[in-house]
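Visitor: Pasted the sequence and its predicted model underneath.
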Amino acid sequence: MRISRFLISVLLLLTVEAAYSVDDNPSTHKALTNTASTEQVAASLVASVDAVHPGSEIYLGVNQRIIPNWHTYWTNPGDSGLPTTIEWSLPSGASAGDILWPIPSRFSLGSITNYGYSNEVTLLSKVRVPVNASVGETFAVQALVDWLVCNEECIPQQVQLSLSLPIVAASTPTGVGSPLILSALAQLPVDSPWPVELKPLDGGFSLEVGLTLEQIKQIKDIWFYPADWGVLTQNIPQPYKVTKNGLAIQLKSGEAPLKANQALNGVLVISEQTDQGLLQTGFSVTQVPQQAATPTNNIGFISALLLALLGGIILNLMPCVFPVLSLKALSLVSHANQSPRQIRLQGWVYTLGVLASFTFLAVLLIVLKAGGAQIGWGFQFQSPIFVLSVAYLMFVVGLSLSGVFIVGGSIAGAGSSLADRGGYSGSFFTGVLATIVATPCTAPFMAAALGYALAQPAPTLLAIFLSLGFGLALPYLLLANWPRLQRWLPRPGLWMERTKEVFAFPMYATAAWLVWVLAQQAGPNAVIVALSGMILLGFAAWLYNTTRNTSERTERVGAGFVFLLVALAFILGYKGLQANSSLHEAATNQQEKNWEPYSAERLDALLAEGKPVFLNFTAAWCISCLVNERVALSDSKVVEAFETSGITYLKGDWTKRDEKITQFLTTFGRSGVPLYVFYPAGKNVRPVELPQVLTPDIVLNAISPSL
Amino acid sequence: MLRKLTTLATLAFALVTTQVHADATIDKAAPDFSAKTADGKTIDLASLKGKTVVLEWTNHECPFVKKHYDKSGNIPALQKEFTAKGITWLQVISSAPGKQGNVDGATAIKLNKDRNAAPTNTILDPEGTLAKLYGAQTTPHFFIINDKGVLVYKGGVDSVASSKIEDIAGATNYVRESLNAIAAGQKVASPSTKPYGCSIKFAG
């Protein structure tokens, strides 16, 4: 009842307005209406609603219908022309936003390129209705619209438009407003679903968009419309080429080039050939050009080198290095039967051993990194298996420090036996040994420096590693050169044993932290996987130590079991995390995936039951399909509406031009994607075909009758 | 010998290409030209060395030109102010035959008289050669060349791109600003600004 009365009032309002709009000459307009015409342009003021709620936000649109061969202009008109402006007169407390510019077209006439609109355009503005607007009164707005309309000649024109909308209570529906608003919303640029990069070129830029080759093949036209005058030269072609990362468009700087750190703003418009004609999609671009290598990087490099040197020195104090090094190396230094010159040489050979080991590590990392980059595996803490391995390592180092077993007995033994030989080879291998025992400590404590190094090109990485190694070797080198410094060193003793034991706890803490990281990455079940693995390792450590100093046979059996247990810990970790992550993935997929694959049988079954169905026919190479899915169909409101109204969302993948789907497309008179069809609830319903460019509102409006 | 020849050829080619792309670039020598004027004479830039030269592209039917001529007298006032100071002010009409703003010499002179305009002379460029040489795109569009033949300004008449006379008062007049800077021996503050207006009505 109330609704019908409301409709009548709207109708009355419209009739009254229509009566005023008889007079067509804008200059003699006394009573304003929502339409006004000039010889070239018919303008009208439209709204996204038929009535407003206090405190709501609505869209108002100035629609221009332009006679053939004439055009009005975009926010950047190009080489000549002027953008359309709207000056709002609103009730007090109301506010209007800037014009939301639909994607423009370009008009080239000789050496002049303009950006604007032909035929028809609706310029939207967001308008906020004041909270204190009184229900029962009208929300009256006026727009003073200025534009320049040109074919070859240009005419500045001005019209004044007005619109009055009833203010209704929150319980009264506001109506669907003008369909022009929805189609204008569909013409607004959206965020790019693909990565966009801007690289400096000589005299311009390369704008790179991560489209796939299949998508690139669909492109009929691509153009970047800069939002500001002069940033680019506008009247020259924008050639593009296909690169391994997608598409690279060459843009030439103009009269007012970008300043340092200034972003290039604009809209990238891609036209795609579909069976319904050219389909345009616009993507907002705001990109600061990537900087080429600058001297500041060198400063970063030098400070990284110094940090690495300092880190290397500190490594000497690390729990995994100090006990071993002080025992082995100090004894070497204190070998009184060698001449100072020999000792000095020993120091240098030791340094060489350390540096050789670090070079080996660096080369290994460079190779791994190169391989990793190719197979897309980040050599970082992103891989759960890597995190687990480091957690294991920390735990085992902790056990060793706690005295559960003696660390690397055989390695240390080999090292010490070599060192005991007293020759230069002994010193060299002490250096190697120092590196080996230091490595586990570098992972948690040097993560930042290593992270920097890993992100650098190979020579930088090598330099940083060498600096780190030199830092590690430095204290001993100094001791070898100035044996008197030894006096300043504390004598080895029980305190070292205690210190070593205390250092076990930071190791355990690190392991605990890594398990927490793992839980974030691979879900809570990863915790039980990691802890079980640690129990196995603990058992292995204990077994190793107890069987070590027994008969050779027991030792061998023990070693076999230890190997088995360690392997088991890793297999458990690997399998456990894999199962976990797939579960994790399945769970997240379930959350995101609100569609079923399309099959004719499934559709028939659902329709036979009278269930509402939303059909989406898409393809991996279809640019607008992907944009529609990102912008409209994945919108939380749309997903929610599908769910609450029990709509089954079927997705047909036409990437490989499936024959059955082709047949279905034909029934809608179509020969390609995208196609969106909605079957309302009920039997023998007429399917509703949606436009090829979607917005959340278009989808919501189409499915709303079933709400 | 062959190498010398190749170098020579490359140099020659480079010279030719730079000649072809002799764009009007700020702080570079302004492209030389020789053009017919409304009074039936020929004017060439080289002969104007030692004088500051203003090139003003115009089209008397363009609304943006009307804004600054008939309706406000803004550009005619500038012409009078600066020709009095010894500056050479050349209007350029590049409208192709049959297109908006295309006029013969006599009409061009009469139009200026009627509009109270006072340029030093008016160049008739119906083929658009001069416009293309300088990269002129709009009416109005200004280029200022200093006494050494160097281009020191290119762009709009002022800072507010609109077709409304009311906006003239609040706008920075770049032409006046630049000419005053040149007279004072200073550097032009905004050497390249956005030209605004109608497009030049080239043939085709």
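Guide: All right, it came through fine.
Visitor: Can you pull the residues of chain B lying near chain A?
Guide: B:61-64, B:99-100, B:128, B:132, B:135, B:137-138, B:154-155, B:161-164, B:192, B:194-202, B:204 (C-beta under 8 Å from any C-beta of the partner chain). Glycine gets a C-beta too; all of them are placed from N, C-alpha and C.
Visitor: how about a cut-off of 6 Å?
Guide: Residues of chain B lying close to chain A (C-beta under 6 Å from any C-beta of the partner chain) are B:P63, B:Q100, B:Q137, B:T138, B:S163, B:S192, B:K194, B:G197, B:C198, B:S199, B:F202.
Visitor: how about the residues of chain A near chain B?
Guide: With C-beta under 6 Å from any C-beta as the criterion, chain A meets chain B at residues A:D79, A:S80, A:G110, A:I112, A:E153, A:C154, A:P156, A:W229, A:E255.
Visitor: Restricted to strands, list those.
Guide: In strands, defined here by DSSP state E, the members of these are A:I112, A:C154, A:P156.
Visitor: buried subset of those residues?
Guide: Neighbour-count burial within those applies to A:I112, A:C154, A:P156; the criterion is 16 or more other C-beta atoms under 10 Å in any protein chain shown.
Visitor: what about A:Y544, which helix or strand?
Guide: Per DSSP states H and E: A:Y544 is located in helix A:525-548.
Visitor: Only the buried residues of that helix, if you could.
Guide: Going by neighbour count (16+ other C-beta under 10 Å), the buried part of helix A:525-548 is A:525-526, A:529-530, A:533-534, A:536-538, A:540-541, A:543-545, A:547-548.
Visitor: got the contact list for that helix?
Guide: Helix A:525-548 is contacted by residues A:388, A:391, A:395-396, A:399, A:404-405, A:515, A:518-519, A:554-555, A:558, A:561-562, A:565-566, A:568-569, A:572-573, A:576-577, A:580 when judged by C-beta atoms under 6 Å, 6 or more residues apart in numbering or on different chains.
Visitor: which of the residues of chain B next to chain A lies closest to A:F465?
Guide: Distance to A:F465 across the residues of chain B next to chain A (C-beta to C-beta) is lowest for B:S192, with 50.1 Å.
Visitor: what number of residues lie near the closest one?
Guide: For B:S192, the neighbour count with other C-beta atoms under 10 Å in any protein chain shown is 18.
Visitor: For the one residue sitting closest to the centre of chain A, which non-adjacent residue is closest in space?
Guide: Note on chain A: the residue nearest the mean C-alpha position is A:P195, at 7.9 Å, using C-alpha atoms, centre = their mean. In space, A:P195 comes closest to A:G210 once its chain neighbours are excluded; the distance is 4.3 Å by C-beta to C-beta, 6 or more residues apart in numbering or on different chains.
Visitor: Can you tell me the SS state at residue 126?
Guide: Defaulting to chain A. strand (DSSP: H, G, I helix; E, B strand; the rest coil).
Visitor: look at chain B instead
Guide: coil.
Visitor: B:E166 is in contact with B:K71, correct?
Guide: No: the criterion here is C-beta atoms under 6 Å, and B:K71 misses it with B:E166 at 10.3 Å.
Visitor: More neighbours: which of those two?
Guide: Higher neighbour count among B:K71 and B:E166: B:K71, with 14 against 10, using other C-beta under 10 Å.
Visitor: pLDDT at that one, what is it?
Guide: B:K71 is assigned a pLDDT of 86 by the prediction.
Visitor: Can you name the residues that contact it?
Guide: Residues in contact with B:K71, defined by C-beta under 6 Å, 6+ apart, are B:I165.
Visitor: Which secondary structure element of chain B has the lowest mean pLDDT?
Guide: Across the helices and strands of chain B, mean pLDDT, DSSP states H and E gives its lowest value to helix B:2-20, namely a mean of 40.
Visitor: Quick one: list the elements packing against the following helix or strand past it.
Guide: Elements were assigned by DSSP H and E; along the chain past helix B:2-20, the next helix or strand is strand B:34-36. Applying 3 or more C-beta pairs under 6 Å, 6 or more residues apart in numbering or on different chains; DSSP states H and E, one finds that strand B:34-36 contacts strand B:42-44.
Visitor: May I see the buried residues of the strand it packs on?
Guide: For strand B:42-44, by 16+ other C-beta under 10 Å, it's B:I43.
Visitor: Can you give the strand pairings for that strand, parallel or anti for each?
Guide: Partners of strand B:42-44 in the sheet, by DSSP bridges, are strand B:34-36 (antiparallel).
Visitor: Please tell me how far the most centrally placed residue in chain B sits from chain A.
Guide: Centroid-nearest residue in chain B: B:L55, 2.5 Å away (criterion: C-alpha atoms, centre = their mean). Look at B:L55 and chain A: by C-beta to the nearest C-beta, to the nearest Å, they are 16 Å apart.
Visitor: which SS class is that residue?
Guide: Following three-state DSSP, we place B:L55 in the strand state.
Visitor: what do you get for A:K220?
Guide: A:K220 ends up strand, using three-state DSSP.
Visitor: same check, this time on A:F395
Guide: helix.
Visitor: For the helix or strand harbouring A:P475, enumerate the helices and strands it packs against.
Guide: Here A:P475, judged by DSSP H and E, is contained in helix A:458-481. Here helix A:458-481 touches helix A:295-315, helix A:340-375, going by 3+ C-beta pairs under 6 Å, 6+ apart.
Visitor: Would you check that A:K683 makes contact with A:K611?
Guide: No: applying C-beta under 6 Å as the test, A:K683 and A:K611 come out as separate, 10.0 Å apart.
Visitor: What about the closest residue in space to A:E87 that isn't next to it in sequence, how many residues nearby?
Guide: Leaving aside its sequence neighbours, A:E87 sits nearest to A:L144 (C-beta to C-beta, 6+ apart; 4.2 Å). Using other C-beta under 10 Å, the number of residues around A:L144 comes to 13.
Visitor: Which strand residues bridge A:L144?
Guide: Counting by DSSP bridges, A:L144 is bridged to A:E87, A:Q160.
Visitor: got a pLDDT number for it?
Guide: Looking at A:L144, its pLDDT stands at 96.
Visitor: Roughly how far does it sit from chain B?
Guide: The value you get for A:L144 to chain B, if C-beta to the nearest C-beta is used, is 12 Å.
Visitor: show me the contacts for the closest residue to chain A within chain B.
Guide: Residue of chain B nearest chain A, by C-beta to the nearest C-beta: B:S163 (3.6 Å). Counting by C-beta under 6 Å, 6+ apart, B:S163 touches A:P156, B:P63, B:F64, B:K67.
Visitor: quick one on the thing from earlier: buried ones in the helix holding A:P475, by neighbour count?
Guide: So for helix A:458-481, counting by 16+ other C-beta under 10 Å, buried means A:460-477, A:479-480.
Visitor: Any idea how far apart the tips of stretch A:43-62 sit?
Guide: End-to-end distance for stretch A:43-62, by C-alpha to C-alpha, to the nearest Å: 7 Å.
Visitor: End to end on stretch A:105-118, go ahead and measure it.
Guide: Span of stretch A:105-118 from end to end, C-alpha to C-alpha: 8 Å.
Visitor: outside of it, which residues touch it?
Guide: With C-beta under 6 Å, 6+ apart as the test, stretch A:105-118 has contacts from A:71-74, A:76-81, A:104, A:225, A:234-235, B:137, B:199, B:202.
Visitor: Nearest to chain B: which residue in the stretch 401-550 of chain A?
Guide: For the stretch 401-550 of chain A, C-beta to the nearest C-beta, closest residue to chain B: A:P457, 34.9 Å.
Visitor: Any stretches of chain B with poor pLDDT?
Guide: B:1-22 (pLDDT under 70).
Visitor: A:E208 is in contact with the residue nearest to the centre of chain A, correct?
Guide: No: assessed by C-beta under 6 Å, A:P195 is found out of contact with A:E208, at 8.1 Å.
Visitor: Now chain A against chain B: closest residue?
Guide: Counting by C-beta to the nearest C-beta, chain A gets nearest chain B through A:P156, at 3.6 Å.
Visitor: on that earlier part again, where strands are concerned, which of the contacts of stretch A:105-118 count?
Guide: Among the contacts of stretch A:105-118, DSSP E puts A:H71, A:T72, A:Y73, A:W74, A:N76, A:P77, A:G78, A:Y225, B:S199 in strands.
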